[in-house]
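Enquirer: below is the sequence, then the predicted model.
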Amino acid sequence: MKRKFTTLVLGALLLALTFPAEAQQPVRLPTIGWLDHSSPNSEVLRLVELFRKGLRDLGYIEGKSTAIEYRYAEGKTERLSELADELVRLKVDCIITAGGQPTEAAQRATKTIPIVMAVSGDPVASGFVASLARPGGNITGLTIISPELSGKRLELLKEVVPGLSRVGVLRAPKAHGPAWKEIEPAARSLRLKLQPLDVGSSDDLQRAFEMARKGRAEALLTLPYALFNRDYRTMIVELAAKNRLPAMYGGTEFHEVGGLMGYGPDISDNFRRAAVFVDKILKGAKPADLPVERPLKFELVINLKTAKQIGLTIPPNVLARADKVSK
């Protein structure tokens, strides 16, 4: 009886020690990986907060009902693969990318973890998805490409620059094949000659503007591209001002650093909408079944101070169409 009693006591003690330990095991929250080419500067953090707000609107609170692992390459493209591999080792439930290079790194790192592009150029031409309607793999999300806008940008440039006939076009060859095919017919209808200025890295920018000068470009158009819009925009605007080139940019962000005109999608809206993709994926949807979405909101912004600096007068009818005008 004594031995039986001792056994019961020991068993009870073991249970008492075991259950609290198990109760204290933390519950793993659904985890999102954030993969970014840039550093966490004020603009990037603003976009991060918009994404987080999108999650909050859907009932996800960071630290309580979901977790986010942030990885920033600090502008060093070679680090993206290493950071993507880190997120895969952490077994995150989803990876958010902003731009082609982070998406490419994430694509190399995993074929199973869902990847949501908050911003992308042409994801079909880049090989990220089979088509916008049927992505077909583990990648989906949003694109900033709206090829029909290229013609509108050229029209606005022609209205603003008297006698315009030659336009230099900043493009990323790998990302802008289809966009270039869309812009050529618009240029022909407007009797404009286009000069392609290929830029693969920031080192190419100075050379591209030298080519524009030698080619006697009278204005500049930049095609929408995440690296142009976020990482290179200040340098592009400074070079356009230095060369006194009236410029139409493929994103409204250029306006913040003195860009003359910008017409394009509201990138802020993309980051809010990326949260909707994450919500669907965490609830069981597969990226292959979630069509890539195009922009819904567009803005025209004009900087009159920049116009004055290069001796350009913006016609009243163009000003009347602008969503934002800086003086």
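Expert: Structure's in. What do you need?
Enquirer: ok, now which ones touch Leu149?
Expert: Contact analysis of Leu149 by CB atoms under 8 Å, 6 or more residues apart in numbering lists 250, 263-264, 298. In short, each C-beta sits where N, CA and C put it, glycine included.
Enquirer: and Leu194, helix, strand or coil?
Expert: What DSSP: H, G, I helix; E, B strand; the rest coil gives for Leu194 is strand.
Enquirer: I figured it was touching Lys181, is that so?
Expert: No - using CB atoms under 8 Å, Leu194 is not in contact with Lys181; the gap is 11.7 Å.
Enquirer: Ser131: what secondary structure?
Expert: Look at Ser131: counting by three-state DSSP, its state is coil.
Enquirer: the more surrounded of Leu194 and Lys181?
Expert: Between Leu194 and Lys181, counting by other CB atoms under 10 Å, Leu194 is the more crowded of the two (19 against 10).
Enquirer: and the more buried one, bridged to which residues?
Expert: Beta-bridge pairing of Leu194 under DSSP bridges involves Val167.
Enquirer: for stretch 223-230, measure first residue to last.
Expert: 13 Å (CA to CA, to the nearest Å).
Enquirer: no no, stretch 59-73
Expert: Using CA to CA, the two ends of stretch 59-73 sit 29 Å apart.
Enquirer: what does stretch 191-206 give?
Expert: So stretch 191-206: terminal residues 27 Å apart, CA to CA.
Enquirer: chain center to that stretch: distance?
Expert: Stretch 191-206 sits 20 Å away from the centroid of its parent chain (CA atoms, centre = their mean, to the nearest Å).
Enquirer: if we look at it, which residues are touching it?
Expert: 154, 158, 164-174, 180, 183-184, 187, 208-209, 211-212, 215, 217, 228, 231-232, 235-236, 239.
Enquirer: so, low pLDDT: which residues of this protein?
Expert: 1-26, 147, 174-178, 226 (pLDDT under 70).
Enquirer: would you point out which residue is most central in it?
Expert: The residue lying closest to the centre of the chain (CA atoms, centre = their mean) is Val119, at 2.7 Å.
Enquirer: which ones are touching Gln107?
Expert: 115, 128, 139.
Enquirer: closest to Gly259 out of the residues you listed?
Expert: Taking CB to CB as the measure, Gly259 sits nearest to Phe128 out of the contacts of Gln107, at 27.8 Å.
Enquirer: show me where the stretch 51-200 of the chain has strands.
Expert: Assigned by DSSP state E, counting those that start in this stretch, the stretch 51-200 of the chain shows strands spanning 67-72, 94-98, 115-119, 139-141, 166-171, 193-198.
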